[in-house]
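Q: What follows is a predicted protein model with its sequence.
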Amino acid sequence: AHTRFSRLSATLAAMSVPCLQGLLLDLGVSSPQIDAAERGFSWRADAPLDMRMDTSGGLTAAEWLASATAEELARVIREYGEERFAASIAKAITARRDAGRPVATTADLATVVAGAIPVRSRGDAAQHPATRTFQALRIHVNQELEELALVLEQGTALLAPGGRLVVISFHSLEDRLVKRFIDGHAHPERPFGRLPLRAAELPQPRLRSIDRVKPDATEVARNPRARSAVMRVAERTAVPLPSGQAQ
C-alpha cells in the first residue's frame, strides 16, 4: 500500500487485517531514491531540490526554503541535522534568497552550506559539509520523526502477543526515538519508582526488548550504506494498551 506510516491502522483495517504477527520498519530514504538524482536527495548530482518521498503532494524542500524564516531554518537544521552551524547556514540561505537567488537545486544548497561552515571546523573530511543539512531538510519535508512516532504506537497496538517489532534506523535521531519507545513500554513502572505502590499496582510491560544489532565488517564492506544502521527488536507481551490508544 502506497501510503504514510501514520495510516498503518487505517490501511490494515481497510484490508480486514485485525492484527500483526510482526512489523518491520526500514526507516529513512532508500538507495533507489538517493541514486535517482532527480529526486533531489543527494548533493552528489545537481537536480531540483525536491526531497519528498511521496512526490504526489506536499511542499518540496525548495518551496519550503523559499518561505521559511531564518529562525525556522536554523531550528530545523539544528534539531534534525544536529548541525552546530545551523544559524550561519540559515542566514546564508535567507541572504541568498533576499538577493533574488533562491536555493532551488541540490548544487545551490551544497554550495551555500559549504560556504557557511568554516573549513577548519568541518571535522570528518570524508563527509560533505552539507550532509547534515540535507538530512535535516529531508526529515522536515517528510515529517519523518512524527510519522515514526505514530507508526510505533499503532504498530504496537496491532501486534498480537508474541509478535515482533523490528526497526532499522540509520541515524541517531531515529534510533533514539525507537530506543526510548521500546524502553518506555518495556519498563512502564519506572516513573512510579518513588511511589509507595505494590508490584501488582504498577503498570505492566507491553514490550520486551529482544536485541540490538549492528552490521558487521563483512556486511559494511559489501554494502557501505549499512554502516550506520541499527536494528532493534522487541516482542509484544500479552498486556493490552490503554483503551483508545493508537487504534
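A: On my side now, so go ahead. Numbering: from 1, shown residues only.
Q: Just give me the neighbour total for Ala61.
A: 25 (other C-beta atoms under 10 Å). All C-beta atoms are positioned from the backbone trio N, CA, C, and that covers glycine.
Q: Ramachandran angles for the residue nearest to it when sequence neighbours are not counted?
A: Spatially, and ignoring its direct neighbours in sequence, Ala61 is nearest to Met51 (4.0 Å; C-beta to C-beta, 6 or more residues apart in numbering). Dihedral pair for Met51: phi 70, psi 0, per degrees, to the nearest 10.
Q: How about Arg232?
A: Per-residue torsions, Arg232: phi -110, psi 140 (degrees, to the nearest 10).
Q: That one touches Arg212, doesn't it?
A: Yes: Arg232 is in contact with Arg212 according to C-beta atoms under 8 Å; the separation is 5.4 Å.
Q: which of those two has more neighbours?
A: Taking neighbours as other C-beta under 10 Å, Arg232 and Arg212 compare with Arg232 leading, 21 against 13.
Q: show me the contacts for that one.
A: By C-beta atoms under 8 Å, 6 or more residues apart in numbering, Arg232 lies in contact with Val166, Val167, Ser169, Asp175, Val178, Lys179, Ile182, Ser209, Asp211, Arg212, Val213.
Q: cool, and Ala45?
A: Counted by C-beta under 8 Å, 6+ apart, Ala45 has contacts Ala37, Thr106.
Q: Against Leu25, how distant is it?
A: 28 Å (C-beta to C-beta, to the nearest Å).
Q: Also Gly163?
A: With the distance defined as C-beta to C-beta, Gly163 ends up 13 Å from Leu25.
Q: can you list contacts of the longest strand along the chain?
A: In the chain, with assignment by DSSP state E, the single longest strand is strand 159-169. Taking C-beta under 8 Å, 6+ apart as the criterion, the residues outside strand 159-169 that touch it are 19-28, 152, 155-156, 175, 178, 182, 207, 210, 229-238.
Q: Check stretch 207-225 too.
A: Against stretch 207-225 from outside (C-beta under 8 Å, 6+ apart): 31, 156, 164-165, 182-183, 185-186, 226-227, 229-237.
Q: Tell me where this protein is predicted with low confidence.
A: For the chain, the stretches with pLDDT under 70 are 122-126, 197-198, 242-247.
Q: residue boundaries of the helices in it?
A: Using DSSP state H, the helices of the chain run over 8-14, 31-35, 61-65, 70-81, 86-98, 106-116, 131-142, 144-158, 172-186, 217-222.
Q: from those helices, which stretch is densest packed?
A: helix 131-142 (a mean of 23; mean count of other C-beta atoms under 10 Å).
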